[in-house]
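**Student:** Sharing a sequence plus its predicted fold:
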Amino acid sequence: MTNSNDRDRLAARDLAHLWHPCTQMKDHERELPLIPIRSGSGVWLEGHDGARYLDAISSWWVNLFGHANPRINAAVAAQLGKLEHVIFAGFTHEPAVDVAEALVRLAPAGLERCFFADNGSAAVEVAVKMSFHYWRNRGRAGKQRFITLANSYHGETLGALAVGNVALYKDIYAPLLMDVITAPSPDCFDREAGESWEEHSKRQFAPMRALLERHAHETAAVIVEPLVQCAAGMRMHHPAYLTLLREACTDLGVHLIADEIAVGFGRTGTLFACEQAGIRPDFMCLSKGLTGGYLPLSAVLTTNDVYEAFYDEYAKLNAFLHSHSYTGNPLACAAARATLGIFESQPVIARNRELAAHMARATASLADHPHVAEVRQTGMILAIEVVKDRGSRTPYDFRERRGLVAYRHALSRGVLLRPIGNVLYFMPPYVITPDEIDLLADVARTAIEAMTCA
Ligand SMILES: *Cc1c(COP(=O)(O)O)cnc(C)c1O
């Protein structure tokens, strides 16, 4: 059925019982129709009314190689015929072993242990618990605190929310959350006029260094999103910050947790963002693109040093007793194995470099727009900061919901953009073509007109 009745009926049935994530459901009553999708192919989604949408945000940053990718489809279908799931305590299976081997092969050297969970927030919970528990097993039970960056985002379960810092998600639940130490962000949007990204990010390291020196004795780990704080509005920093952070954490005996859930798997121009700083974190959290955007799966990679702190006689009760029912799900691992196989058999990173250069060219003229404060880019992530006043960088009031105007405008032109506040961004699947990037840039241009004209 290809008609709007079909679309509207499905939307009505949905609204009768469903409650959607990150949504004020009242918005869907009138001005913001829910959009039922019936199929996807490559970068395109197709609605029940036949409308097509270019998925410029990789369906919330998960999709890497397009919807209904033939290679990943075939891998999941083949696995489905063999084994859908098995308990992962006491049992194992080939897809999980293959994925662990591939991750260890691809990740920064020294990350040799892989612990699976089933979503990004759960991976952050695992890393936080493991770090705390490591120090306890090593006789340093006083190391219980975590240092996080201003405007960081690590997920929405209570532990992950506690180590994050986006007020919109966090403030209401503050009474439920553990207390963390917050350092200023190296975010280069805040740099002084004439200051380079590198100078700014390095300067922002001084307060982090001071906090580490003061709190190292009671701190288990620092947690960061390397290079791009995505949920904060694609705010970016220079890798020099991460290099300094790694050195200080090593000097002062504090773990470094790299949350690469959003930035991993090529988004920043390298397979992992940490590579650009030449660092190896103590924990690396991965999810989102891990399965190519197919199925929920996450992994925490860590060192043999961490692993050995838990390896002991049973009666000592030093084991890491954390589990999720769907840990290491074989279907999800089959999707991940196929996804990692694409990275290992095709020049994805090199091809992305050309696409990233094309994104830069296609959006260059937007930088002069009177309501654009900055067009910034790190690899395959490009963001346009729309402001009320360019000179003073005054933002629009959030209550004006100008991002929503851009969202609706883009949909009317067949593009799924989902601005974060007043930040428009592209984080497309890697199968996008230069022509499709040109379309995105043109839609962004008219969307900015639509959101700033009133
Ligand atoms: C999305 C995200 C998470 C949480 O992952 P979920 O699977 O949504 O729980 C954690 N950290 C970062 C950096 C993310 O972007």
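**Tutor:** Yep, that arrived. Numbering: from 1, shown residues only.
**Student:** contacting residues for Leu80?
**Tutor:** Leu331 (Cβ atoms under 8 Å, 6 or more residues apart in numbering). Backbone N, C-alpha and C define where each C-beta goes, glycine included.
**Student:** what's the answer for Cys188, then?
**Tutor:** Cys188 neighbours (Cβ under 8 Å, 6+ apart): Trp197, His200, Ser201, Arg235, Met236, His237, His238, Arg376.
**Student:** cool, His200 as well?
**Tutor:** Pro186, Cys188, Asp190, Arg191, Glu192, His237, His238.
**Student:** Just give me the neighbour total for the fifth one.
**Tutor:** The burial metric for Glu192, expressed as a neighbour count using other Cβ atoms under 10 Å, is 8.
**Student:** please begin residue numbering at 605 from this point
**Tutor:** All set: I'll call the first residue 605, so the last point we hit is now Glu796.
**Student:** hang on, it in a helix?
**Tutor:** No: looking at Glu796 with DSSP: H, G, I helix; E, B strand; the rest coil, it is coil, so not inside a helix.
**Student:** So what's the residue count around Asn677?
**Tutor:** Neighbours around Asn677, by other Cβ under 10 Å: 15.
**Student:** That one is in what secondary structure piece?
**Tutor:** Element membership for Asn677, per DSSP states H and E: helix 674-684.
**Student:** Show me which residues of the next helix or strand after that helix are buried.
**Tutor:** Using DSSP H and E, the next helix or strand after helix 674-684 towards the C-terminus is helix 698-710. Across helix 698-710, burial judged by 16 or more other Cβ atoms under 10 Å covers Pro699, Ala700, Asp702, Val703, Ala704, Ala706, Leu707, Leu710.
**Student:** try stretch 958-969
**Tutor:** Buried residues in stretch 958-969, counted by 16+ other Cβ under 10 Å: Leu959, Ala960, His962, Met963, Ala966, Thr967.
**Student:** on that earlier part again, name the member of the contacts of Cys792 with the most neighbours.
**Tutor:** His841 (29 neighbours).
**Student:** Leaving out sequence neighbours, find the closest residue to that one.
**Tutor:** Nearest non-adjacent residue to His841, counting by Cβ to Cβ, 6 or more residues apart in numbering: Pro790, 3.7 Å away.
**Student:** wait, that neighbour sits on Thr847?
**Tutor:** No: counting by Cβ atoms under 8 Å, Pro790 stays clear of Thr847, with 11.5 Å between them.
**Student:** Ramachandran angles for Leu925?
**Tutor:** Backbone geometry at Leu925, expressed as degrees, to the nearest 10, gives phi -90, psi 60.
**Student:** now what about the lowest-mean-pLDDT helix or strand in the chain, what contacts it?
**Tutor:** One helix or strand of the chain scores below all others by mean pLDDT, DSSP states H and E: helix 771-774, with a mean of 90. The contact list for helix 771-774 (Cβ under 8 Å, 6+ apart) reads Tyr757, Glu760, Leu765, Gly768, Leu781, Ala835.
**Student:** can you pull the buried residues of it?
**Tutor:** Neighbour counts over helix 771-774 (16+ other Cβ under 10 Å) mark Tyr773, Lys774 as buried.
**Student:** returning to what we had before: is it possible to export the contacts of helix 771-774 to JSON lines including pLDDT and distance to the ligand?
**Tutor:** What follows is the contacts of helix 771-774, written out as JSON lines (pLDDT from 0 to 100; distance: Cβ to the nearest ligand atom, whole Å):
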{"residue": "Tyr757", "pLDDT": "98", "distance to the ligand": "5"}
{"residue": "Glu760", "pLDDT": "96", "distance to the ligand": "6"}
{"residue": "Leu765", "pLDDT": "97", "distance to the ligand": "10"}
{"residue": "Gly768", "pLDDT": "97", "distance to the ligand": "8"}
{"residue": "Leu781", "pLDDT": "97", "distance to the ligand": "15"}
{"residue": "Ala835", "pLDDT": "97", "distance to the ligand": "6"}
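**Student:** Looking at those, which two lie furthest apart in space?
**Tutor:** Leu781 and Ala835 (16.6 Å; Cβ to Cβ).
**Student:** This completes my enquiry, with thanks.
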